[in-house]
Every structure is written in structure tokens, then in C-alpha cells.
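Engineer: based on what follows, work out the 3D shape:
(2 chains, ligands or ions: 2)
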Amino acid sequence: MRYTARDLATRALRRGPSQQETHLMVLTPDFDTRPVISFQHVWKTYPTGTEALRDVNLVVPEGDFVFLVGPSGAGKSTLVRLLIREEKPTKGKIFVDGIELGRMKRRQLPKYRRKVGLVFQDFKLLPNLTVYENVAFALRVHGEAEHTIHSRAAEALDTVGLAGKENSLPANLSGGEQQRVAIARALVHAPRFIIADEPTGNLDPATAWEIMQLFLRINARGATVVMATHNREIVDLLRRRVVAIDAGQVARDDRSGRYHDDLSKSQIRAQ
Amino acid sequence: MIYRNLRFALNSAWQSFWRNLAVSMAAVLSITLILILAGINLLVGHAFSQVLDGFRAKVSEISINVADGTPLQSVYDFQQQLSTDPRVSGVRFITKDEALVQFKADPNNLVLAQQIEGNPLDAKLEVRVTRLDDVAAIDTLARRWPGVDPTNPTNYQGDFVNRMLELSSWLGVAGVGLLAILVVVSIVIVMNTIRTAVYHRRKEIEVMKLVGATEWFVRGPFVIEGVMTGLIAAAFALALLVIAYEPAVDRFRSDVAFIPLSYDPAFVASLARDLLVGGALLGALGSYIGVRRYVRL
Ligand SMILES: Nc1ncnc2c1ncn2[C@@H]1O[C@H](COP(=O)(O)OP(=O)(O)OP(=O)(O)O)[C@@H](O)[C@H]1O
Ligand SMILES: [Mg+2]
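Structural biologist: Numbering: from 1, shown residues only, chains lettered A, B, ... in the order given. Ligands and ions are numbered 1, 2, ... in the order given. The predicted structure is shown next:
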């Protein structure tokens, strides 16, 4: 029996996949839109004893755009850290692009990280490098040739609308511009995944909206985007997939969701 | 790609070295001092081993006194037996007459020689033993030979030789022990220097790791910085030692004339190699350890 991709995605997204289905999805490569990220019964307990994630199941098909929402301390950043293998799950499995992250050798980690573009709330730019060098850095680390670095960095900076700012230092840029540099750096090696943790957290609404447009554009070009955010207006406006995390569990997974579900809204109204 | 990575590592090591110049120079100076101590240790060790070699050559000769009236054939047979022994590098037969001539020729025996009547001296087999450790065995062999003079069989002084052997092995142990301490101290110094450099660049390291740098890519610049520190220190130490070596030997020779210390220019080449290789390795190892915790993905 062969599922169509849409079947799979809808089923998975409506009620969360059964273990059998996720297994099948991960191991069967020939779908039009393959699930490229899958969390299977993932638990994360920090050494301090905090249970940050509890039995999380999540499937993300290729090309999807996912908002992770939820109150502070819900476990969104933990999920992101697991996804980029900064942390390992305490229990359960995480597959990205067919690789089980928990079993991945440290040696393979650099190769994996090159498939992923990362964007953070605090930009994580290197203050003593110029805009160009910050972007080029991501390629230099891979040992790319200088002419490749040059053309790709220029292209990435052009994409984020920073052509002409190559020689500025991050300190002389606005927050929005700094985040654009960070996005250019995340883009420059053409990653299949963009993972962002509150990328608009430090930006005013108008700038946040511009930055969000960039992510949408990157997504439209085919990259799968997973983004933790507190930006209610944007989430409600875009009506993309929303995965709500609460106390370490997936509380809600809506195909075209809002920041709050109707129940919590009615609760808010009732108060 | 390896070339490009190497160039990146060299570049950033160089920058980091100059950016934290005060710390870098402090490390260079400390390691210079340590390498000077290590160098002195090596030089003194070398000088002693030269002196010891002289002693060894002397004590590894044993003369076997032949009893009067032993048939010449028996002496030749024994000489033959000794010279085919693999532990022996040479045997010389000295007749009674030759022994007397030698005795009289020695100015120390001037008074005694005048009182000698006839020839009280024994004929001797002078045996050169290759390894000092085997002298005792040859001595035992000689004492069992029927032709040996029973009242005064050989000139072997086991105690003296054993003490010499002990002394030289203690000196060796002390030298190695001192070197080991110096090695550990300098590794700790490099480690702390590199930790400072790492601390200044922890953000860069974090970003490197997030964008997919390998552990060696992150580690490379620091290891190279450590090697640079070690090499510069070794060059300083070497320059000072080379300048001081010959005058120091001269001074020592005039003060303590009975120890035959000598200046050995050939040793300078091996000292240079040891210090440079040692400095580079210490630097590499120190920074490898210093950066380990931060590099781990
Ligand atoms: N390194 C850590 N060690 C111990 N506990 C941690 C660690 N990181 C996070 N936690 C805890 O795990 C829980 C989830 O934290 P997490 O950072 O994932 O939340 P979040 O959803 O990202 O919150 P926010 O919206 O404020 O960023 C919290 O209770 C937090 O205190
Ligand atoms: Mg967070």
C-alpha cells in the first residue's frame, strides 16, 4: 500500500502519526514531499532534572513552514537545540533527512550542520568581522575556494537586501540589518533546513515583518523552515502550520493555525 | 581544501598571537626559561656522559695477573678463549719484562722502582671489555682460570665499578625526572595561555561549530598558536644556550680541572633539534589540551 504525500501529511498533522506510520515515512524515500523531520516519542530531561520535553511526536514534510509557539519555558528552544544536535534526546528518536540524530557520530555532525541554516534571536554575529566576512565565514569553515565564497556571499547578501553594506561592522547596523546578515549567513550554503529560534524577538513589528518575508521567500524556494516564535500578530496573519508546545508536550498541531487556539481565546475572553 | 584550511588556521593563529600579545609574550618567556633549564639539563647530562665515558673506558679494562711458571701455551689458549668471547673487544699479553718496564716508566713509582730486585711483577693479560656491565663476569671467568696468580688474581674493583654504574644510572634518572617536571610545567603554561585565547574567541568558536566547522578546523588555529609559542621560546632558549655554552665549559674547566669536561660543537646541532622539536610538541600538546573542552561538538 502506498500513501500519497498529501494523505500522509494530513493524517500525520491532524492527529499525530502512529509510530508505525512515522517509521514507514522515514524509511520510504519516494514520496513527492517526504517527511524530512520526525520526532518519535522524544523526551528531554536536563541534568538539573527539568523535564523540558515529554513524549513529543512531530512530523515535518519537506518544504513545510512550521511555527513553534507556546509560553515561556514550554520547551521550544529545547526542541530547536535537539534539532541542531546541540543536545541529545533522553528518550525517543529524532530523524532528519533519514539520519537519526541521537545515533549520529560526532564526526558526522559538521556535515549535518551544513545542511541546516540557523538563525537566533541574538543574531550571533562576530563583532570584529565585517558583514561580508560574517557571511563568508560560514563557507570558509567548509574550506570553500575564495571565488566561490565571494560569489555566494554576494548573492546571499543580495537576497537579504544588504548589497552595498558588505564592509560595515555589525555594531554599525540596525537590529533588523544584523538579523539580515545572520539570515544571509544561514542561507549562504544553500541549506535544506532553516531553523530559527525567535528570530524576530529583538525587532520592532515592522522590521519583524520584513524579516518574516525573507523566511517566507526562502521557504518558497524549497527550504523547510522551523521557527520558534512569540510573535502573535505574524503567526495569526500568516495562517501557517502552528505547533503549540505546552509544558514540554505538543498541545496542538494545526495546518493553518493561530497563535492561541479558540479554547484559550474563549478563556481569555471569560477572564 | 586542506591547504585553504591550513592557511585559515595560520592566519587566525597569527592574529590571535598578536591580539593577546601580553599573554603570548608571557608564555613565550616562561617557556623560554623552562627550555633553558631543559637545555642546561641536556648539556650537563651530555657533559657528564662524556666524562663518564672516559671513566668507563678506563674501568672496562681489566688486567689478569698470570702466576709465575704458567706454561706459555696455557696463557695463549686463555688469551684465545678471551678474544673469541663476544663480550671482549681486545686482549693484550704483557710479559713479566714488559710489565717491569712499564712499572719503572711510571714516574709515580720512582722510589719503589729503585728498591726492586729481580722482577716481582706478574705477566698480565690486559682485557678490554665492551660493556661495563660484563666486566664482573670476565673477572669471575679469569679467577677460575688455573693460570691466574692466586694471591693477586686481577685488578678488578667491583665496588668502584658498581658505584660508578649506580651513579650514572641515578644521574640518568634525575635528568629524566627533571625533564619530566619541566615538560609538565610548560604544558600547563601553554594550556593556560591558550585558554585565554579561547576565552577571547569563545563566541567565534560557538558560531564556527554552529555553521558546521569540524573539530580540527576549530582546534587548528589554537594548536598552531601553541606551536608558534613553543618554537619562538625554543629559538630564544637555544640562542642563549649556544652563546653561553663554550664560555661556561671554559670556566668550569679552569675551576674544576680534575673533571675532564669538554666543549662539543656537534652536540649543539642535536640540542637545537631537541629544543625546537620539544618546544613545538609542548606547544601543540598544551593547546590541544587547553582547547579540548571548548572544541567538543
Ligand atoms: N541547559 C539547561 N539546563 C537545565 N534546564 C534547562 C536548560 N535549558 C532549558 N532548561 C529548562 O527547560 C525548560 C524549557 O526551556 P526552553 O528554553 O526550551 O523553553 P522555551 O520554550 O524556549 O522558552 P522561551 O519562550 O522563554 O524561550 C525550562 O524549564 C528551562 O528552565
Ligand atoms: Mg526559547
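Engineer: show me what the helix or strand encompassing residue B:65 is packed against.
Structural biologist: In the assignment (DSSP states H and E), residue B:65 maps to strand B:61-66. Applying 3 or more Cβ pairs under 8 Å, 6 or more residues apart in numbering or on different chains; DSSP states H and E, we find strand B:61-66 packed against strand B:123-129, helix B:135-144. C-beta coordinates here come from the backbone N, C-alpha and C atoms, glycine included.
Engineer: list the buried ones in the last one?
Structural biologist: I take that to be helix B:135-144. For helix B:135-144, a neighbour-count test (16 or more other Cβ atoms under 10 Å in any protein chain shown) marks B:135-136, B:138-139, B:141-142 as buried.
Engineer: now do the same for the closest residue to ligand 1 within chain B: helix, strand or coil?
Structural biologist: Going by Cβ to the nearest ligand atom, ligand 1 is nearest to residue B:206 of chain B, at 14.4 Å. Recorded secondary structure, residue B:206: helix (DSSP: H, G, I helix; E, B strand; the rest coil).
Engineer: show me the contacts for it.
Structural biologist: By Cβ atoms under 8 Å, 6 or more residues apart in numbering or on different chains, residue B:206 lies in contact with residue A:124.
Engineer: can you do 10 Å?
Structural biologist: Neighbour list for residue B:206: A:86, A:124, A:126, B:218, B:294 [criterion: Cβ atoms under 10 Å, 6 or more residues apart in numbering or on different chains].
Engineer: any part of the one helix or strand residue B:43 maps to near chain A?
Structural biologist: Per DSSP H and E, residue B:43 falls inside helix B:21-59. No. With Cβ under 10 Å from any Cβ of the partner chain as the criterion, chain A is not reached by helix B:21-59; the gap is at least 16.1 Å.
Engineer: ok so, going back, the strand holding residue B:65 vs strand B:123-129, what angle?
Structural biologist: 150 degrees (axes from the mean of the first three to the mean of the last three Cα atoms, to 10 degrees).
Engineer: before we move on, back to that, turn the contacts of residue B:206 into CSV, including neighbour count, pLDDT and secondary structure.
Structural biologist: Shown next, in CSV, are these (neighbours: other Cβ atoms under 10 Å in any protein chain shown; pLDDT from 0 to 100; DSSP: H, G, I helix; E, B strand; the rest coil):
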residue, neighbour count, pLDDT, secondary structure
A:86, 17, 92, coil
A:124, 17, 93, coil
A:126, 18, 89, coil
B:218, 24, 89, helix
B:294, 18, 84, helix
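Engineer: show me what from chain B comes close to chain A.
Structural biologist: Going by Cβ under 10 Å from any Cβ, the residues of chain B near chain A are B:1-8, B:15, B:19, B:201, B:203-204, B:206-218, B:296-297.
Engineer: in helices, which of those residues fall?
Structural biologist: B:2-8, B:15, B:19, B:203-204, B:206-210, B:215-218 (DSSP state H).
Engineer: whichever of the residues you listed end up buried, select them in PyMOL.
Structural biologist: Buried subset of these, written as a PyMOL selection, criterion 16+ other Cβ under 10 Å:
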select buried, chain B and resi 5+8+204+207+208+209+210+215+217+218
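Engineer: of the buried residues of helix B:135-144, closest to residue B:159?
Structural biologist: Within those, proximity to residue B:159 (Cβ to Cβ) peaks at residue B:136, which comes in at 10.9 Å.
Engineer: on that earlier part again, could the helices and strands packed on strand B:61-66 be laid out in a markdown table, adding mean pLDDT?
Structural biologist: Formatted as a markdown table, the helices and strands packed on strand B:61-66 follow (pLDDT from 0 to 100):
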| stretch | mean pLDDT |
| --- | --- |
| strand B:123-129 | 89 |
| helix B:135-144 | 88 |
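Engineer: is it possible to get JSON lines of those that adds distance to ligand 1?
Structural biologist: Formatted as JSON lines, those follow (distance: least, Cβ to the nearest ligand atom, whole Å):
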{"stretch": "strand B:123-129", "distance to ligand 1": "71"}
{"stretch": "helix B:135-144", "distance to ligand 1": "69"}
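Engineer: in JSON lines, list the ones you listed along with distance to residue B:117.
Structural biologist: Converted to JSON lines, the helices and strands packed on strand B:61-66 look like this (distance: least, Cβ to Cβ, whole Å):
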{"stretch": "strand B:123-129", "distance to residue B:117": "18"}
{"stretch": "helix B:135-144", "distance to residue B:117": "28"}
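Engineer: of all those, which lies closest to residue A:52?
Structural biologist: Residue A:52 sits nearest to helix B:135-144 of all the helices and strands packed on strand B:61-66, at 74.5 Å, using Cβ to Cβ.
Engineer: for that closest one, what is the distance to the chain centroid?
Structural biologist: Helix B:135-144 sits 30 Å away from the centroid of its parent chain (Cα atoms, centre = their mean, to the nearest Å).
Engineer: contacting residues around that helix?
Structural biologist: By Cβ under 10 Å, 6+ apart, helix B:135-144 touches B:56, B:59-66, B:78, B:81-82, B:85, B:87-88, B:125, B:127-129, B:131, B:134, B:148, B:150, B:153-158, B:161-162, B:165.
Engineer: count of neighbours near residue B:97?
Structural biologist: Neighbour count for residue B:97, taken as other Cβ atoms under 10 Å in any protein chain shown: 11.
Engineer: that one belongs to a strand?
Structural biologist: No. Counting by three-state DSSP, residue B:97 is not found in a strand; it is helix.
Engineer: packing partners for the helix or strand of chain B with the lowest mean pLDDT?
Structural biologist: Ranking every helix and strand in chain B by mean pLDDT, DSSP states H and E puts helix B:110-115 at the bottom, with a mean of 79. The elements that helix B:110-115 packs onto, with contact taken as 3 or more Cβ pairs under 10 Å, 6 or more residues apart in numbering or on different chains; DSSP states H and E, are helix B:96-105.
Engineer: what residues of the helix it packs on count as buried?
Structural biologist: Buried residues in helix B:96-105, defined by neighbour count with 16+ other Cβ under 10 Å: B:96, B:99-100, B:103.
Engineer: repeat that for stretch A:56-72.
Structural biologist: Going by 16+ other Cβ under 10 Å, stretch A:56-72 has these buried residues: A:56-70.
Engineer: from those, which land in strands?
Structural biologist: A:56-61, A:65-69 (DSSP state E).
Engineer: can you narrow these down to the ones near chain B?
Structural biologist: Among these, no residue is within reach of chain B (Cβ under 10 Å from any Cβ).
Engineer: adding pLDDT and distance to residue B:71, write these out as TSV.
Structural biologist: Formatted as TSV, these follow (pLDDT from 0 to 100; distance: Cβ to Cβ, whole Å):
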residue	pLDDT	distance to residue B:71
A:56	96	103
A:57	96	105
A:58	96	105
A:59	95	106
A:60	96	106
A:61	95	108
A:65	96	112
A:66	96	109
A:67	97	113
A:68	97	108
A:69	96	113
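Engineer: got a markdown table for those, with distance to residue A:246 too?
Structural biologist: Listed next are those as a markdown table, based on distance: Cβ to Cβ, whole Å:
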| residue | distance to residue A:246 |
| --- | --- |
| A:56 | 11 |
| A:57 | 15 |
| A:58 | 14 |
| A:59 | 19 |
| A:60 | 19 |
| A:61 | 23 |
| A:65 | 21 |
| A:66 | 16 |
| A:67 | 14 |
| A:68 | 11 |
| A:69 | 9 |
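Engineer: which one of these sits closest to chain B?
Structural biologist: residue A:68 (18.6 Å; Cβ to the nearest Cβ).
Engineer: which regions of the chain lie under the pLDDT threshold?
Structural biologist: Since no chain was named, I'll use chain A. In the predicted model of chain A, residues A:1-34, A:262-271 satisfy pLDDT under 70.
Engineer: actually chain B
Structural biologist: B:1, B:257-260.
Engineer: quick one, domains of it?
Structural biologist: If you go by automatic domain parsing, the domain ranges for chain B are B:2-55+B:163-295, B:61-130.
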